[in-house]
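> Would you be able to build a 3D model of this:
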Amino acid sequence: MTQGTRPSRPDIVILLADDMGFSDIGCYGGEMRTPVLDALGRDGTRCTQFYNSPRCSPTRASLLTGLHPHQVGVGILTGDERPDGYAGDLSEQCHTIAELLRDTGYGTYLAGKWHLSASMTTPTGSWPLERGFERAYGTIDGAGSYFTPATLHREGEDAAAETAADDFYYTDAIGEAGAEYVTEHARQRPDDPLFLYVPFTAPHWPLHAPEADIERCRGRYDEGWDATRRRRYENLRREGIIDPRWDLSDRDDSVPAWEDAAEHGWQSRRMEVYAAQVEAMDRAIGRIVEELERTGRLENTLLLFLSDNGACEEEMPPGGDERFRNEPIVPNATRDGREIQLGNNPAIEPGGEDTYTSYGREWANVSAAPFREYKHWVHEGGISTPLIAHWPAGLGRPGDLCRVPAQLVDIVPTLLEASGAEYPAQREEHAVPPPEGTSLLPLLRGESTEHGPLLWEHEGNRAVRSGRWKLVRKHAHPWELYDLEADRTELHDLAAENPDLVAALAAVSEQWARRVGVIDRDRILRAQARRAQEDCAPEGAPLPR
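Modelled structure (predicted):
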């Protein structure tokens, strides 16, 4: 390629982790062994202030459509909560990037978790093959066993029988499917670009990993969460990913000091399994990268890696609700008939097929380091993700750090610019809103560009970031104001000192919420309480996934 020219239409690969914290992988300060992602990050561009949404389904909706999740019916999770809540089903009144790329000649493939349909078992117009993917392998639901995942499909057909193999592990299967799609596309359509979307379930609960993978992590976390958080903070500063002015957030108030915690062996094992899940994901990504390289396509592949939300502090069963045992994503038994042990109990050693556990707030506080809060919330720990962009033929100097704030709605415009695909004003007979974001390619090439305010809402938790300022609150709590240039770890609330700025940013949030269709959280909670009373069931939100 001669200097000053742009490459031909690139292959595009999006790799999405599930519930992975900001500082888990090696090139973002973590101690986990992620050589594939580390190489992609150090050879490409690592974004230091990229934002996702604070929950699984909303992120997927935004990532694939270029719109805010409320605009496309997925404001909280999947599942129809109308008339007082969201449809919980990907709207027909939006494009997906798979549809747009398919229509311009790309081969379009999905390997992994979908989680954008209200129906988990019966195919509908919101399933992958109906939303632009020519081939698809993976789960329709949002979580489940890694050894016997629920709702597993291959090319639209039930694929549960594939899990009977003794060595079946879902993360590996996703990587193999992705690599096979690359192989077959290169053989059958060598002159056409491909779009491969790879949304992993790793490292979402349950804590499941092959014992050999766990063994490689043995002893790594014996020094505990306090020392691990501190080391990550120092690594992030050394990498230049965080500003030395930003202090490490305090340990979560509900988490004891490691020296005061009980059951050290069990606690270490929880994080060992979680790390094994991340490392298995890196291995699966390696299979895809290996095949791109073998087929000569890696040089002109725009590859993006990110996580769908911040670290997940949910205990098991979520909310302590024993009804969770009856959820379809919880197996009745193992493949050889053993009972499933569900719950975060030191008597249950996590990792095996017969367990269903999570790593809890103790270790989520590590994964979120150096930030506060977790999945569900819109403080930095809930919405900050690594973003690696790797495209040797199309981006600037290897090893760059991009420090400009951006968010999920910018991905579709980026892919449209890279591919030359068009964005029609209609989909079939439906009018479609224009994309909400702007292309990241100028930023990734080191060029300056303007970006408007970034906005979030989830379960009544709201935030708006405008330049250096971030206004944020939890539902039913007062607004907090932070200067993110000086204090991105959100330790010094400046709201009381700047009432006019608080009011102005709050007005921006309210105007945006009305425009994109945010449903008032109190209205949703009242409806849930009413339904619970009618059903004689305990009040509360639907069971988390």
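> quick one: Ile519 and Gln71 touch, right?
No: with contact defined as C-beta atoms under 8 Å, Ile519 does not count as touching Gln71 (12.0 Å). Every C-beta, even on glycine, is put in place using the N, C-alpha and C of the backbone.
> Who has more neighbours out of the two?
Gln71 (23 against 19; other C-beta atoms under 10 Å).
> and that one, how far is that from Phe324?
Distance of Gln71 to Phe324, computed by C-beta to C-beta, to the nearest Å: 30 Å.
> cool, and Ala143?
Taking C-beta to C-beta, one finds Ala143 at 11 Å from Phe324.
> who has more neighbours, those two?
Ala143 (22 against 19).
> who's in contact with the more buried one?
201, 204-206, 329, 545 (C-beta atoms under 8 Å, 6 or more residues apart in numbering).
> This structure: helices as residue ranges?
Taking DSSP state H as the criterion, the chain contains helices spanning 35-43, 56-65, 97-102, 170-188, 211-215, 225-239, 264-294, 360-367, 380-383, 411-419, 441-444, 499-516, 521-535.
> Skipping its backbone neighbours, what lies nearest Thr228 in space?
Distance criterion C-beta to C-beta, 6 or more residues apart in numbering; nearest residue to Thr228, sequence neighbours excluded, is Val366 at 5.2 Å.
> And Gly320, what's its pLDDT?
As predicted, Gly320 sits at a pLDDT of 89.
> now Cys27
98.
> would TSV of the helices of the chain with mean pLDDT, distance to Ser249 and mean neighbour count be doable?
What follows is the helices of the chain, written out as TSV (pLDDT from 0 to 100; distance: least, C-beta to C-beta, whole Å; neighbours: other C-beta atoms under 10 Å):
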stretch	mean pLDDT	distance to Ser249	mean neighbour count
helix 35-43	97	23	19
helix 56-65	98	23	27
helix 97-102	98	35	23
helix 170-188	98	30	21
helix 211-215	98	29	15
helix 225-239	98	9	18
helix 264-294	98	19	23
helix 360-367	98	9	25
helix 380-383	98	8	29
helix 411-419	98	28	22
helix 441-444	93	27	21
helix 499-516	98	22	15
helix 521-535	88	25	13
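> Might you quantify the distance of stretch 387-394 from its chain's geometric centre?
Put simply, stretch 387-394 sits 19 Å off its chain's centre (C-alpha atoms, centre = their mean, to the nearest Å).
> and if you look at stretch 480-496?
Distance, centroid of stretch 480-496 to centroid of chain: 25 Å (C-alpha atoms, centre = their mean).
> got it, and stretch 352-359?
On C-alpha atoms, centre = their mean, the centre of stretch 352-359 falls 21 Å from that of its chain.
> So what touches it?
145, 147-148, 205-208, 211, 270-271, 273-274, 312, 314-316, 330, 334-335, 338-345, 348-350.
> Do I have it right that Leu152 meets Glu162?
Yes: if you go by C-beta under 8 Å, Leu152 and Glu162 touch, sitting 6.9 Å apart.
> Name the nearest residue to Pro69, sequence neighbours excluded.
Pro58 (3.5 Å).
> cool, and Pro328?
Ala150 (5.2 Å).
> ok, back up a step: mind listing what the residue nearest to Pro69 touches?
Contact analysis of Pro58 by C-beta under 8 Å, 6+ apart lists 69, 74-76, 458.
> Please repeat the previous calculation with a cut-off of 10 Å.
Counting by C-beta atoms under 10 Å, 6 or more residues apart in numbering, Pro58 touches 52, 68-70, 72, 74-77, 86, 116, 308-309, 408, 456-458.
> quick revisit: JSON lines for the helices of the chain, including distance to Leu16?
Shown next, in JSON lines, are these (distance: least, C-beta to C-beta, whole Å):
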{"stretch": "helix 35-43", "distance to Leu16": "13"}
{"stretch": "helix 56-65", "distance to Leu16": "7"}
{"stretch": "helix 97-102", "distance to Leu16": "13"}
{"stretch": "helix 170-188", "distance to Leu16": "11"}
{"stretch": "helix 211-215", "distance to Leu16": "20"}
{"stretch": "helix 225-239", "distance to Leu16": "22"}
{"stretch": "helix 264-294", "distance to Leu16": "10"}
{"stretch": "helix 360-367", "distance to Leu16": "16"}
{"stretch": "helix 380-383", "distance to Leu16": "15"}
{"stretch": "helix 411-419", "distance to Leu16": "10"}
{"stretch": "helix 441-444", "distance to Leu16": "18"}
{"stretch": "helix 499-516", "distance to Leu16": "22"}
{"stretch": "helix 521-535", "distance to Leu16": "26"}
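> for the ones you listed, which one sits closest to Val404?
helix 441-444 (5.1 Å; C-beta to C-beta).
> got the contact list for the closest one?
By C-beta under 10 Å, 6+ apart, the list of residues contacting helix 441-444 reads 6, 44-45, 47, 302, 304, 387, 389, 391, 394-396, 400, 402-406, 410, 413-418, 447-451.
> out of these, which are buried?
Among the contacts of helix 441-444, the ones that count as buried by 16 or more other C-beta atoms under 10 Å are 44-45, 47, 302, 304, 387, 389, 391, 394-395, 400, 402, 404-406, 410, 413-416, 418, 451.
> give the contact list for the residue nearest to Pro328.
120-121, 139-144, 160, 163, 327-331.
> 7 Å - rerun?
Contact partners of Ala150, counting by C-beta atoms under 7 Å, 6 or more residues apart in numbering, are 139, 141, 144, 328-329.
> Pipe the residues you listed into TSV and attach distance to Arg229 and neighbour count per row.
Output for those, formatted as TSV (distance: C-beta to C-beta, whole Å; neighbours: other C-beta atoms under 10 Å):
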residue	distance to Arg229	neighbour count
Thr139	32	23
Asp141	32	22
Gly144	30	26
Pro328	36	11
Ile329	30	19
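> and those, which two are the farthest apart?
Thr139 and Pro328 (11.0 Å).
> Quick one: buried ones out of the contacts of stretch 352-359?
For the contacts of stretch 352-359, buried by 16+ other C-beta under 10 Å: 145, 147-148, 205-208, 270-271, 273-274, 312, 314-316, 330, 334-335, 340, 342-344, 348-350.
> Who has more neighbours out of Leu152 and Glu162?
Set side by side, Leu152 and Glu162 show more neighbours around Leu152, with 21 against 13, by other C-beta under 10 Å.
> mind checking how far the more buried one is from Ala136?
11 Å.
> And for Thr489?
Thr489 is 40 Å from Ala136, by C-beta to C-beta.
> between the two, who's got more neighbours?
Taking other C-beta under 10 Å, Thr489 and Ala136 do not tie; Ala136 has more neighbours (26 against 23).
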